[in-house]
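# model the structure of this input:
(one chain, ligands or ions: 2)
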Amino acid sequence: MTKRAGFVALIGEPNAGKSTLTNQMVGAKVSIVTHKVQTTRARIRGVALQGDSQLVFVDTPGLFRPRRRLDRAMVAAAWGGAADADVIVLMIEAHRGVTKGVEAILDGLQEIGKGRKVALAINKIDRVKSEVLLALSKNLNDRYDFVETFMISAEKGHGCEHLKTWLAGEVPEGPWLYPEDQIADLPMRMIAAEITREKLTLRLHQELPYQMTVETESWEERKDGSARVDQIIYVMRDGHKGIVLGNKGETIKAVSKAAREELEEFMGRRIHLFLQVKVRPNWLEEKERYSEMGLDFKDGNA
Ligand SMILES: Nc1nc2c(ncn2[C@@H]2O[C@H](COP(=O)(O)OP(=O)(O)OP(=O)(O)O)[C@@H](O)[C@H]2O)c(=O)[nH]1
Ligand SMILES: [Mg+2]
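Ligands and ions are numbered 1, 2, ... in the order given. Here you go, the predicted model:
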């Protein structure tokens, strides 16, 4: 049989379920997921196999109207992911329908989608009645010429096999792009930082998740097969540091425990995780922070 391989970019508004679908397709958690918007900050590649096809899913940051440098860099990374893909899948939330944000993305697709296969995936179908879905599908297909429409629940898996099979036939013929057993294309230190950021985001309220970043500072292999991982959580204000630490350090302890457990499961070995919080009022304007995240600092220029 001829092999096939290609890139499938998942784009959509923040919270559409792009990372959930990436993980569902890969069959393992490679991209972090939270109930909050703007969780994913850079492009995350997850690799899945379907028959003779290797599908490289490109999970992207949500598309929204950017205000800060970081937002602009994230949105640029998302459109960049779409522009490089063999197939683009636009994800829409079934219960929210055609929002202003979705309209803006459809406008953007007129340009980026030109000469590319663009499919529609209406996600979170577990949250709506089927009548709503048919109307929404018609509405969206009237606005944009999608090659195919899928109704899915990325979380529950409904319709995902069907989408995967279709994608497997759409990517071009050619050799596989990654070794057969590789599921993600992100350095371990970044995956580790992302896991910690997820645990922090889940525990911190309101704006704080958007004002912090996590970096793996060092990774030291130990003779007993374990590893010592040191990470820094950058926050913008003294007050934020206090919140991240929590009363008697209980927040950071809980975050550290949850992150370590997930990292150990991912790696299948013991990890000693050390977290440190640093106040850095201007980190959002520092070039190095962006390269650590996998973003292009220049993309954030206004
Ligand atoms: N009910 C329901 N919830 C879902 C489904 N798919 C994803 N979610 C939830 O939607 C929320 C957002 O999911 P993510 O996968 O982080 O969304 P995203 O598009 O990657 O979001 P950003 O990274 O912020 O752009 C999470 O709470 C998910 O559990 C689904 O099929 N049904
Ligand atoms: Mg995401």
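# so who does R269 touch?
Taking CB atoms under 8 Å, 6 or more residues apart in numbering as the contact definition, R269 lies against G225, S226, A227. Just so you know, the C-beta spots here come from the backbone N, C-alpha and C atoms, and that holds for glycine as well.
# buried members of the residues you listed into PyMOL, please.
Buried subset of the contacts of R269, written as a PyMOL selection, criterion 16 or more other CB atoms under 10 Å:
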select buried, resi 227
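# make TSV from the contacts of R269 and add distance to A5 to it.
Rendered in TSV, the data for the contacts of R269 read as follows (distance: CB to CB, whole Å):
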residue	distance to A5
G225	34
S226	35
A227	32
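# from T60, how far off is Q50?
Separation of Q50 from T60 (CB to CB, to the nearest Å) stands at 21 Å.
# more neighbours: which of the two?
Residue environment comparison for Q50 versus T60 gives the larger neighbour count to T60, 29 against 18, counting by other CB atoms under 10 Å.
# what sits closest to that one if chain neighbours are left out?
A78 (3.8 Å; CB to CB, 6 or more residues apart in numbering).
# and the one you found, which of the three is it?
Using DSSP: H, G, I helix; E, B strand; the rest coil, the three-state assignment for A78 comes out as helix.
# do the same with R228
Classification of R228 by three-state DSSP places it in strand.
# for the remainder of this discussion, apply numbering that starts at 48.
Got it, the first residue is 48 from now on, which makes the last one we talked about R275.
# I'd like to know how far it sits from R307.
Between R275 and R307 the distance is 11 Å, computed by CB to CB.
# same check, this time on W330
Separation of W330 from R307 (CB to CB) stands at 24 Å.
# ok, now E245?
In this view, E245 and R307 are 13 Å apart by CB to CB.
# cool, and A141?
On the measure of CB to CB, A141 and R307 end up 36 Å apart.
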